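*Asks:* Fold the following for me, if possible:
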Amino acid sequence: MNQIKCIVAGPRGKMGSEALRMIEKDEQLTLTGCIDRKYDGMNVKDVDGLPKLDAPIFTDTEVCLQEVEADVLIDLTTPEFGYKHTKLALEHNVRPVVGTTGFSDEQLEELRSLAAEKQLGAVIAPNFAIGAVLMMQFSKWAAKHFPDVEIIEKHHDQKLDAPSGTAVKTAQLIQEERNTHKQGHENEKETIAGARGADFDGMRIHSLRLPGLVAHQEVVFGNLGETLTIKHDSHHRESFMSGVKLAATEVMKLDVLVYGLEHLLD
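*Replies:* Numbering: from 1, shown residues only. Alright, predicted model coming up:
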């Protein structure tokens, strides 16, 4: 079994620290470095709350990529840093695996072009939970038969983007199967602005942000005399790690950027 050397960006975050624990238990993945806004020059094992892994910490991404031997950069930070890290990783011939959402179409196209130019694999996934990926695929299939649909996504109150990347990706997949049309009464009026949620191609997306939530989504389809709800719940961030592991191993076989974990499933 070939070892895959990994850098993790955002090791002290809730997702990043979970990724470190996953790597610690995994026989194929090895941590060779971390990128963090603090603790430059320290070792992961010496930072309180992190696993006892022997790997240096860098605050400068480019220095990390120059000094550390790595196959994969796992980025679980924010859209601003995720884009920067992805671009730098490709420029340094390291394959990025990114769980950050919020990239613009222009940024994605730039990263696709760079990955193709370098002939390097890259994975950007709005959601790394396998169940969430299946929920999106089932929703795309259902949209062929139930064109009236609304999406309700629920996340913890520290999430920065709304709607979530998963909700947007779900809506895009549904859009591929659904003829564009405005839902609801033609004379519908919001008495409080935003009451009907965001409008995406005529379907509505609603975002809830509350403490106690992790990541949850319902896709509700309506038809004459019936409704269909496709629902997924992540109760713990550990639920995302099987997808992170899958992406980190499969990205080694790719020479293009892939957007969405569904492309890596059988």
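
*Asks:* May I ask which helix or strand encompasses Lys150?
*Replies:* Careful, residue 150 is Glu; it's not Lys. strand 148-155 (DSSP states H and E).

*Asks:* Which strands and helices lie in contact with that strand?
*Replies:* helix 130-143, helix 165-177, strand 203-209, strand 215-223 (3 or more CB pairs under 8 Å, 6 or more residues apart in numbering; DSSP states H and E). Bear in mind the C-beta positions are built from the backbone N, C-alpha and C, glycine included.

*Asks:* Same list (these) but as JSON lines, adding mean neighbour count.
*Replies:* JSON lines is the format used below for the helices and strands packed on strand 148-155 (neighbours: other CB atoms under 10 Å):
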{"stretch": "helix 130-143", "mean neighbour count": "20"}
{"stretch": "helix 165-177", "mean neighbour count": "20"}
{"stretch": "strand 203-209", "mean neighbour count": "18"}
{"stretch": "strand 215-223", "mean neighbour count": "19"}
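
*Asks:* In TSV, list the ones you listed along with mean pLDDT and distance to Val244.
*Replies:* Converted to TSV, these look like this (pLDDT from 0 to 100; distance: least, CB to CB, whole Å):
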stretch	mean pLDDT	distance to Val244
helix 130-143	95	11
helix 165-177	94	15
strand 203-209	98	24
strand 215-223	97	14
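
*Asks:* Export these to JSON lines and append columns for distance to Val97.
*Replies:* Shown next, in JSON lines, are those (distance: least, CB to CB, whole Å):
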{"stretch": "helix 130-143", "distance to Val97": "15"}
{"stretch": "helix 165-177", "distance to Val97": "15"}
{"stretch": "strand 203-209", "distance to Val97": "26"}
{"stretch": "strand 215-223", "distance to Val97": "18"}
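
*Asks:* so when I look at Leu108, I'm seeing a strand, right?
*Replies:* No: Leu108: not assigned to a strand; according to DSSP: H, G, I helix; E, B strand; the rest coil it is helix.

*Asks:* isn't it right next to Ile124, touching?
*Replies:* Yes: counting by CB atoms under 8 Å, Leu108 touches Ile124, with 7.3 Å between them.

*Asks:* Overlap of the contact sets of these two?
*Replies:* Contact with both Leu108 and Ile124 is made by residues Leu257, Tyr259, according to CB atoms under 8 Å, 6 or more residues apart in numbering.

*Asks:* out of those two, which sits in the busier spot?
*Replies:* Ile124 (27 against 15; other CB atoms under 10 Å).

*Asks:* OK, contacts around that one?
*Replies:* By CB under 8 Å, 6+ apart, the neighbours of Ile124 are Thr86, Pro96, Val98, Thr100, Phe103, Leu108, Leu111, Leu257, Val258, Tyr259, Gly260.
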